[in-house]
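Enquirer: sharing a model that was predicted from the sequence below.
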Amino acid sequence: MSDDVLSRLSELLEARKSADPASSYVAKLYAKGMDSILKKVGEEATETVIAAKGGNKEELIYETADLWFHTLVMLSHAGLQAQDVLNELARREGLSGIVEKASRKE
Ligand SMILES: N=c1c2ncn([C@@H]3O[C@H](COP(=O)(O)OP(=O)(O)OP(=O)(O)O)[C@@H](O)[C@H]3O)c2ncn1[C@@H]1O[C@H](COP(=O)(O)O)[C@@H](O)[C@H]1O
C-alpha cells in the first residue's frame, strides 16, 4: 500500500482491531465503543477551537493532530478509512473545476 502517513496510520488502526486493549490506546478506545470514541472527537474538537483562539501555532498543530487522529479512529471503527474522505475531497475538487470552467465560459 501507499507509504504516506495517513495510509500507514489507517493500516495500523485496522491492525489494532485485534490488539490487546491493555497494551494499545487504540484497541482500548475500540473496546469502549463508538460513544466513547465520539466523546474524544468532541473533546479534541473543543481543544482545537480553544487553541485556534489562543493564537499559539504549535498548540494548534498539536490539538489538530489529536483531532485528526481521533476522527481516523472514528472512521476506522465505522469501517471506513482516511482514503474514503480523501476520495470525497478529490471528487469536490473535480466538481469545483467544472464550476470554474463553466463560470469562465459565461
Ligand atoms: N497518533 C496517535 C495519537 N495521537 C494522540 N494519541 C493519544 O490520544 C490521547 C489524547 O487524549 P488526551 O489529550 O485527552 O489525553 P489523555 O488524558 O491521556 O486521554 P484519555 O485517557 O482521557 O482518553 C493521548 O492518550 C494520546 O497518547 C494517540 N495515540 C496513538 N497514535 C498513533 O496510533 C498508533 C497506535 O497507538 P497504540 O494503539 O497506543 O499502539 C501510534 O503508534 C501512533 O502512531
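Expert: Here it is on my side, so go on.

Enquirer: what are the ranges of the strands in the protein?
Expert: For the chain, strands defined by DSSP state E do not occur.

Enquirer: buried sites along stretch 76-87?
Expert: For stretch 76-87, the buried set under the neighbour-count rule, 16 or more other Cβ atoms under 10 Å, comprises 76, 77, 81, 82. Every C-beta, even on glycine, is put in place using the N, C-alpha and C of the backbone.

Enquirer: list the contacts of the residue nearest to the last one when sequence neighbours are not counted.
Expert: This means residue 82. Distances taken as Cβ to Cβ, 6 or more residues apart in numbering put residue 6 closest to residue 82, at 4.2 Å, once the chain neighbours are dropped. Listed by Cβ atoms under 8 Å, 6 or more residues apart in numbering, the contact set of residue 6 reads 72, 82, 83, 86.

Enquirer: the residues you listed into JSON lines, with extra columns for distance to residue 57?
Expert: Formatted as JSON lines, these follow (distance: Cβ to Cβ, whole Å):
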{"residue": "72", "distance to residue 57": "22"}
{"residue": "82", "distance to residue 57": "24"}
{"residue": "83", "distance to residue 57": "28"}
{"residue": "86", "distance to residue 57": "25"}
